[in-house]
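Asks: Got a sequence here, can you model it:
(one chain, ligands or ions: 2)
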Amino acid sequence: MAYVNTLNHYLLPAINRSRDYLAICKIKVVLMLVITAWVGIALAPDMSRTWLQQVMSLVGIGALSASAAAINHVVDRNIDKQMARTRHRPVATERLSASHAVAFALILALLGTFTIVVFSNWLCAWFTLASLVGYAVIYTYYLKRATPQNIVIGGLAGAMPPLLGWLSETGALMAEPWLLVMIIFTWTPPHFWALAIARRNDYARANIPMLPVTHGVEFTKLCILVYTVLLTLVCVLPYLIGMSGGVYLGVACILNGMFLLKAFELYRNGTDLMAMSLFRFSIVHLLVLFVALFIDKWV
Ligand code: HEM
Ligand SMILES: CC(C)=CCC/C(C)=C/CC/C(C)=C/COP(=O)(O)OP(=O)(O)O
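Replies: Numbers count the residues shown, from 1 in each chain. Ligands and ions are numbered 1, 2, ... in the order given. All right, here's what the predicted structure looks like:
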């Protein structure tokens, strides 16, 4: 009996609370950001750094990304309350207080910055902090509410991790990692606008000027197609400058061919279901593309 009481009074609330803290980190998105940062490390010139230094750099970048996501949950709590997709979030439902979430984000930001400075360098720390501000403040606080181009401009913050990984390794700004940033930058609009089409009523209710709300679904489908063509072209650049080889190029061609087909189908007579299918595909696309960049380096 005493055992059951301990479980009910202490353990279960502690587990639920940890789940809430994990949820505000947007853990799956952060995992993907860390994978792209890891590829940035793998493709950088060999600096003979230890595994520990590399892993801890990724931990630092992940912690600052999670901190940015937690701040996004606080700043957006009133919007999140109005949207079906987000209304169950911990801060929106007030299961987790905004002040606790802010304190958590601050601790993550401090630990993350400390880790990057100790195991990498200040340049990487400054760029990662700038990405945090880009997402949590410039995109979430301002752009998201101000313009339908919000995710195009704000997308730069989420596109930075390959550069952050490269910087953590080399401590120097070079041209090559910017190509990887450009890939994610051009990938973001089709990734997000596909979801925004399916969830346009949510955004309209919350008064957020997402492209399908301000310019309609047909125009958004056209923009998705245009950005997918751009993405296809940008994806060839790592091969053209000799940063990646045939394995990467082959995988990129197949993935982008599929992306183009899906974007074209959506443009011609797409339903909300097809838009969601494109959104899900975009995530698989980016994951496989970056795994291919990694494998290509070692074959
Ligand atoms: C401004 C840029 C971006 C916007 C507006 C955006 C928006 C979104 C939204 C609204 C979702 C749905 C989340 C949910 O179901 O609650 C999502 C999911 C996701 N995004 Fe993005 N995204 C952006 C950039 C990125 C980047 C740069 C990455 C990775 C490199 C990424 C990876 C993912 C992943 C992995 C998911 C699935 C998460 C899950 O299943 O829980 N996103 N994104
Ligand atoms: C340090 C660093 C690399 C920072 C980047 C942090 C980060 C978590 C970027 C991902 C972008 C993302 C999930 C945007 C969705 O926000 P949203 O508010 O439009 O979506 P929502 O409605 O699901 O909250």
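
Asks: mind saving the C-alpha coords of stretch 56-75 as CSV?
Replies: Taking Å, rounded to 0.1, in the frame of the first residue of the first chain, the C-alpha atoms of stretch 56-75 are listed here in CSV:
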residue,chain,number,x,y,z
MET,A,56,29.9,17.5,-26.5
SER,A,57,29.7,20.2,-29.2
LEU,A,58,26.6,18.5,-30.5
VAL,A,59,25.2,18.4,-27.0
GLY,A,60,25.7,22.1,-26.7
ILE,A,61,24.1,22.9,-30.0
GLY,A,62,21.2,20.6,-29.1
ALA,A,63,20.8,22.3,-25.7
LEU,A,64,20.6,25.8,-27.3
SER,A,65,18.1,24.5,-29.9
ALA,A,66,15.9,23.0,-27.1
SER,A,67,16.2,26.3,-25.2
ALA,A,68,14.9,28.2,-28.3
ALA,A,69,12.0,25.7,-28.6
ALA,A,70,11.1,26.2,-24.9
ILE,A,71,11.1,30.0,-25.3
ASN,A,72,8.9,29.5,-28.4
HIS,A,73,6.3,27.6,-26.2
VAL,A,74,6.2,30.5,-23.8
VAL,A,75,6.0,33.3,-26.4
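
Asks: For residue 275, give me its contacts.
Replies: Applying Cβ atoms under 8 Å, 6 or more residues apart in numbering, we find residue 275 in contact with 194-195, 197-198, 266. Placement of C-beta: from N, CA and C, glycine included.

Asks: How confident is the prediction for it, by pLDDT?
Replies: pLDDT, residue 275: 98.

Asks: just to revisit the earlier point, tell me, which of the contacts of residue 275 make contact with ligand 1?
Replies: residue 195 (Cβ under 6 Å from any ligand atom).

Asks: which of the contacts of residue 275 lies closest to ligand 2?
Replies: residue 195 (8.7 Å; Cβ to the nearest ligand atom).

Asks: Which residue, other than its chain neighbours, is closest to the closest one?
Replies: Distance criterion Cβ to Cβ, 6 or more residues apart in numbering; nearest residue to residue 195, sequence neighbours excluded, is residue 279 at 4.3 Å.

Asks: got the residues of the stretch 101-250 of the chain near ligand 2?
Replies: 128, 131-132, 135, 140, 157-158, 160-161.

Asks: Is it possible to get a markdown table of the residues you listed that adds distance to residue 170?
Replies: Shown next, in a markdown table, are those (distance: Cβ to Cβ, whole Å):
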| residue | distance to residue 170 |
| --- | --- |
| 128 | 15 |
| 131 | 17 |
| 132 | 21 |
| 135 | 24 |
| 140 | 30 |
| 157 | 21 |
| 158 | 22 |
| 160 | 15 |
| 161 | 15 |
